[in-house]
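Student: Got a sequence here, can you model it:
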Amino acid sequence: MRALRVAVDPVQFTLPELEPARPVERWWSLPEATRREVLTLLSRLIARGVLIDPDVTVDEDRRGDE
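Tutor: Next up, the predicted model:
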């Protein structure tokens, strides 16, 4: 899995304390509609360039667009 960082100031959203403590359990405990919305938002952030690969510099990233 690739590590990505947010290129803008992050805003932390908190989830209520749910019984499943592991991230995978917490993810699957969310309603399907919520999971769908999160994945849609993530894909939009990636498409707009808000999420970037920390291993690629800005200059390297721009060369790929030419």
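
Student: pLDDT wise, what is Leu51 at?
Tutor: Per-residue pLDDT puts Leu51 at 69.

Student: Which helix in the protein has the most residues?
Tutor: Using DSSP state H, we find that the single longest helix of the chain is helix 32-47.

Student: pLDDT of it, averaged?
Tutor: pLDDT averaged over helix 32-47 gives 88.

Student: Which neighbouring elements make contact with it?
Tutor: Helix 32-47 sits against no helix or strand, with contacts defined as 3 or more CB pairs under 8 Å, 6 or more residues apart in numbering; DSSP states H and E. The C-beta positions use only the backbone N, C-alpha and C, and glycine is treated the same way.

Student: Can I get it in PDB, CA atoms only?
Tutor: Taking C-alpha atoms only, helix 32-47 is exported to PDB below (Å, rounded to 0.1, in the frame of the first residue of the first chain):
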ATOM      1  CA  GLU A  32     -22.100   0.800   3.400                       C
ATOM      2  CA  ALA A  33     -23.300   4.200   2.300                       C
ATOM      3  CA  THR A  34     -20.600   5.900   4.500                       C
ATOM      4  CA  ARG A  35     -17.900   3.700   3.100                       C
ATOM      5  CA  ARG A  36     -19.000   4.500  -0.400                       C
ATOM      6  CA  GLU A  37     -18.900   8.300   0.400                       C
ATOM      7  CA  VAL A  38     -15.400   8.000   1.900                       C
ATOM      8  CA  LEU A  39     -14.100   6.200  -1.100                       C
ATOM      9  CA  THR A  40     -15.700   8.700  -3.500                       C
ATOM     10  CA  LEU A  41     -14.100  11.600  -1.500                       C
ATOM     11  CA  LEU A  42     -10.700   9.900  -1.500                       C
ATOM     12  CA  SER A  43     -10.900   9.400  -5.300                       C
ATOM     13  CA  ARG A  44     -11.800  13.100  -5.800                       C
ATOM     14  CA  LEU A  45      -8.900  14.200  -3.600                       C
ATOM     15  CA  ILE A  46      -6.500  12.000  -5.500                       C
ATOM     16  CA  ALA A  47      -7.800  13.300  -8.900                       C
END
